[in-house]
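[1] okay, structure incoming, though there's no sequence with it:
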């Protein structure tokens, strides 16, 4: 999010990336530099551009980065329709566009969209790519300008957009009147920043299962922390991270083992790696099993890291890599009270845990405070309240579809993608997440079913009461979905709210459809947003358990809400 200070200077100019449909890195003979994401208008509007529209209109970034790939055979950084017609005209954005690094050269060298350097500079600038993260513009733009292919007027337009941010941020003003130039080094990694990092890590942890209320643990026991992520430090930071520790190591990052050891006062905590993240070496598994056998409780820390998922690298499988499945099965077979800690970025199918009495925490890459957050949750100092932001597919999903098939709805070679379209049985559904306490949803006053004409829509208000019916304070997120009539869409999120409650406490939360037509609109094959007549099911859910439902009947003919600009034929 771009933020303006009370002094009038821009403090931050965010750059969301990579625009757009940049979902294939290196797969099936294609790479990100040459692949064309061939996307229907429906998928483009509904999925691939949906988050972009929200980010640009609400976050108001000062720039965006166009991607290496092409979209419907036009390189992203030369795509006039997407960057000029959609982003600047249709969405009203006024920032500047920067290419992904060396993406301008991909226009000619990888996509073969142009035949010479003059044309390459022209199509990129004309499409609105103002700034080259690379050396193609510096090396070739002077000639394109001299030859007349690129006009001075076109160049000035990009220059003005790029320099506008530098003026907004006060880069040309004296330092003594620009307050952000006087921020001291001590402001970096302050106690407030550290607390924020911890809160982000703790709130993101999702409790996927907790049979017989195994968690939280009581300190003072013998605990074996085993698995390739048991003593993880750098892996918690994911990738694209800066220097965290002053000595340029990762020694200042607290691992799950160290954090658990610190929490387990009066007990003993032992460490055994068991295996590496992606190795066929089983020689350490026996030692991990021995450690687990001697313990009262076992924490099994498994998952993936940057060796499995990274820029320029796609996965062909979503199960645990290497011999981690053998390690996990050997530990779980002991029938010791076990807490499985999953550390990952991209999803991993660990559905085999569901049939065991083990507890399971999905922790992601928790960052600099990830280890501490895991320990706080395990020992109950933090009550987990996270919800899954994605659908967890079974491992077979990767053999049922292809990464170079960009379609979202189900089709002959695609079971559908995301919670909206997936037709298979998910391992865990989008929005799922448990707690150490229990919650209940009730209506403040159960609404009557509504019949509404599209010619005269009216705002709709819902009041839902959330009650903590358990014995522990905690947070709960209420997810608001709707299911449209006669659609492949199974359900669609339109709002959510989070509330923190003490035991026995209740609180009303409010959901409003100010304009039901905009909320309930669906995207046609042409890309238009329309409201179909029929019955819409509204559902308020905690991601599991019972839900509150309501029905809205829309009458009248199909009504367009937003018309999608028509793209010129190539």
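    Cool, got the structure. Here the structure is a predicted model, which means the values were calculated and not measured.

[2] quick one: low-confidence ranges for the protein?
    1-7, 569-570 (pLDDT under 70).

[3] work out which residue lies at the spatial centre of it.
    In the chain, the C-alpha nearest the mean C-alpha coordinate belongs to residue 389, at 6.8 Å (C-alpha atoms, centre = their mean).

[4] looks like it contacts residue 430 (just checking).
    Yes: assessed by C-beta atoms under 8 Å, residue 389 is found in contact with residue 430 at 7.2 Å. Every C-beta, even on glycine, is put in place using the N, C-alpha and C of the backbone.

[5] any residues in contact with both of the two?
    Counting by C-beta atoms under 8 Å, 6 or more residues apart in numbering, residue 389 and residue 430 have no contacts in common.

[6] related to what we said a few turns ago, and the residue nearest to the centre of the chain, what does it touch?
    residue 430.

[7] which strands or helices does the longest helix belonging to the chain pack on?
    For the chain, the helix that runs over the most residues, judged by DSSP state H, is helix 152-168. When contacts are defined as 3 or more C-beta pairs under 8 Å, 6 or more residues apart in numbering; DSSP states H and E, helix 152-168 packs onto strand 96-99, helix 117-126, strand 129-131, helix 136-147.

[8] and those: which comes nearest residue 206?
    strand 96-99 (34.5 Å; C-beta to C-beta).

[9] and the nearest residue to residue 140 once chain neighbours are set aside, how far from residue 137?
    Closest residue to residue 140 apart from its sequence neighbours, by C-beta to C-beta, 6 or more residues apart in numbering: residue 117 at 4.0 Å. Note on residue 117: its distance to residue 137, by C-beta to C-beta, to the nearest Å, is 10 Å.

[10] of these two, which one has the most company?
    residue 137 (24 against 19; other C-beta atoms under 10 Å).

[11] surely the more buried one touches residue 120?
    No: using C-beta under 8 Å, residue 137 is not in contact with residue 120, being 9.6 Å away.

[12] overlap in contacts, these two.
    Joint contacts of residue 137 and residue 120 (C-beta under 8 Å, 6+ apart) are residue 104.

[13] picking up where we left off before, and the residue nearest to residue 140, how far from residue 139?
    The gap separating residue 117 from residue 139 is 8 Å, by C-beta to C-beta.

[14] again with residue 79
    Residue 79 is 22 Å from residue 139, by C-beta to C-beta.

[15] if you count surrounding residues, which of those two has more?
    residue 79 (27 against 13).

[16] ok, that one - contacts?
    Here residue 79 is in contact with 66, 70, 71, 127 (C-beta under 8 Å, 6+ apart).

[17] apply 10 Å and report the result again.
    Residue 79 sits next to 19-20, 66-67, 70-73, 85-87, 123-124, 127-129, 567 when contact means C-beta atoms under 10 Å, 6 or more residues apart in numbering.

[18] nearest to residue 527, out of the helices and strands packed on helix 152-168?
    strand 96-99 (21.6 Å).

[19] list buried residues within the contacts of residue 79.
    Taking 16 or more other C-beta atoms under 10 Å as the criterion, what is buried in the contacts of residue 79 is 19-20, 66-67, 70-72, 85-87, 123-124, 127-129, 567.

[20] and stretch 113-125, how far out from the chain middle?
    Here stretch 113-125 shows a centroid-to-chain-centroid distance of 34 Å under the convention C-alpha atoms, centre = their mean, to the nearest Å.

[21] again, but for stretch 469-488
    19 Å.

[22] now that stretch: buried residues?
    Of all the residues in stretch 469-488, those buried under the rule 16+ other C-beta under 10 Å are 470, 474, 475, 476, 477, 478, 479, 480, 481, 482, 483, 484.

[23] could you identify the most distant pair in those?
    Going by C-beta to C-beta, the pair spanning the buried residues of stretch 469-488 furthest: 470 and 484, at 35.0 Å.

[24] quick one, what contacts residue 216?
    210, 339, 359, 376-384, 436, 472.

[25] let me redo that: residue 447
    Residue 447 neighbours (C-beta under 10 Å, 6+ apart): 460, 461, 462, 463, 538, 548, 550, 551, 552.

[26] just give me the neighbour total for the residue nearest to the first one when sequence neighbours are not counted.
    In this structure, residue 460 finds its nearest non-sequential neighbour in residue 513, 4.3 Å apart by C-beta to C-beta, 6+ apart. The criterion is other C-beta under 10 Å. On that basis, residue 513 has 21 neighbouring residues.

[27] gap between residue 513 and residue 457?
    To residue 457, residue 513 is 9 Å away according to C-beta to C-beta.

[28] give me the common contacts of these two.
    519, 520.

[29] setting aside sequence neighbours, what's the nearest residue to residue 337?
    Per C-beta to C-beta, 6+ apart, closest to residue 337 is residue 297, 5.0 Å.

[30] again, but for residue 358
    residue 338 (4.2 Å).

[31] what sits against the one you found?
    Taking C-beta under 10 Å, 6+ apart, one finds 214, 224, 226, 292, 295, 297-300, 328, 331-332, 353, 356-360 in contact with residue 338.

[32] excluding its backbone neighbours, what's nearest residue 150?
    residue 144 (4.3 Å).

[33] returning to that earlier point: so of the contacts of residue 79, which ones are in strands?
    19, 66, 70, 71, 129 (DSSP state E).

[34] and residue 484, backbone torsions?
    Main-chain torsions, residue 484, degrees, to the nearest 10: phi -80, psi 160.

[35] distance of the closest residue to it other than its chain neighbours relative to residue 560?
    Nearest residue to residue 484 in three dimensions, chain neighbours excluded: residue 522, at 5.3 Å (C-beta to C-beta, 6+ apart). Separation of residue 522 from residue 560 (C-beta to C-beta): 11 Å.

[36] out of these two, which sits in the more crowded spot?
    residue 522 (20 against 13).

[37] count residues in the vicinity of the residue nearest to residue 131 when sequence neighbours are not counted, would you?
    Leaving aside its chain neighbours, residue 131 sits nearest to residue 98 (4.1 Å; criterion: C-beta to C-beta, 6+ apart). Using other C-beta under 10 Å, the number of residues around residue 98 comes to 21.

[38] again with residue 321
    21.
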